[in-house]
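1. kindly return the folded structure for what I paste below:
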Amino acid sequence: MNLPTLPRRLALVLILFSAVWLRAADSPEVAALRAADDERVAAILASDAARLDAIFSDDLGYTHSNGKHDTKKSYTQSLLSGKTVYRVYNYLERDFRVVSPDIALETAHVLINSVNGTTEVKNDLSILAVWRKEGGKWRFLAWQSAKLPAPAAK
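-> Okay, the predicted model is just below:
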């Protein structure tokens, strides 16, 4: 190995490591969004009216992967009535991007198991969610999900 190339290679490795480390480190806003989303999931799993009201924006638009659209009122009613009961909410990937001081986008791959009436539903979803800062607090504004195809058989 040529000795002068070693410092260049070492510098390149350090630059790449720094870029990955900076990407992985949450900014304070991303940490706040992650905590808000964790609270949203906990409120949904618990079917807790006060917590749902606090985290859902009054302007919530929630479009399910089957195309059904809910407002804050209709989605909350579905959760509180027991019509929809979430059992598993497992993120495989989750990222946040702050696009303005008061708007952030969440993209994720999530496995959700729920019971709708007497039907158990297992969904493997790709989602886009929108968060809006309202009164200094991140609130859940919109959700759009799409079912992912089953992995191809080998």
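2. contacts for stretch 92-106?
-> With Cβ atoms under 8 Å, 6 or more residues apart in numbering as the contact definition, stretch 92-106 has outside contacts at 27, 29-30, 33-34, 37, 107-111, 127-133, 138. In short, each C-beta sits where N, CA and C put it, glycine included.
3. do that again at 6 Å, thanks
-> 29-30, 33, 107-109, 129, 131-133 (Cβ atoms under 6 Å, 6 or more residues apart in numbering).
4. among the residues you listed, which lie within strands?
-> In strands, defined here by DSSP state E, the members of the contacts of stretch 92-106 are 107-109, 129, 131-133.
5. and the furthest pair within these?
-> Farthest-apart pair in those is H109 and K133; separation 25.0 Å (Cβ to Cβ).
6. okay, these two: which has more neighbours?
-> K133 (19 against 15; other Cβ atoms under 10 Å).
7. not counting sequence-adjacent ones, nearest residue to the more buried one?
-> Nearest residue to K133 in three dimensions, chain neighbours excluded: D102, at 4.1 Å (Cβ to Cβ, 6 or more residues apart in numbering).
8. from R139, how far out is the one you found?
-> Look at D102 and R139: by Cβ to Cβ, to the nearest Å, they are 10 Å apart.
9. what is the neighbour count of Y91?
-> 14.
10. quick one: residues contacting it.
-> Per Cβ under 6 Å, 6+ apart, neighbours of Y91: 108, 110.
11. what do you get if the cut-off is 8 Å, keeping everything else the same?
-> Taking Cβ under 8 Å, 6+ apart as the test, what Y91 contacts is 108-110.
12. point out where this structure drops to low pLDDT.
-> Applying pLDDT under 70 to the chain flags the ranges 1-25.
13. that one: strands as residue ranges?
-> Using DSSP E, strands in the chain cover 56-63, 69-71, 84-100, 103-116, 119-134, 137-147.
14. tabulate those (TSV), appending distance to D48.
-> Converted to TSV, the strands of the chain look like this (distance: least, Cβ to Cβ, whole Å):
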stretch	distance to D48
strand 56-63	12
strand 69-71	17
strand 84-100	12
strand 103-116	16
strand 119-134	19
strand 137-147	14
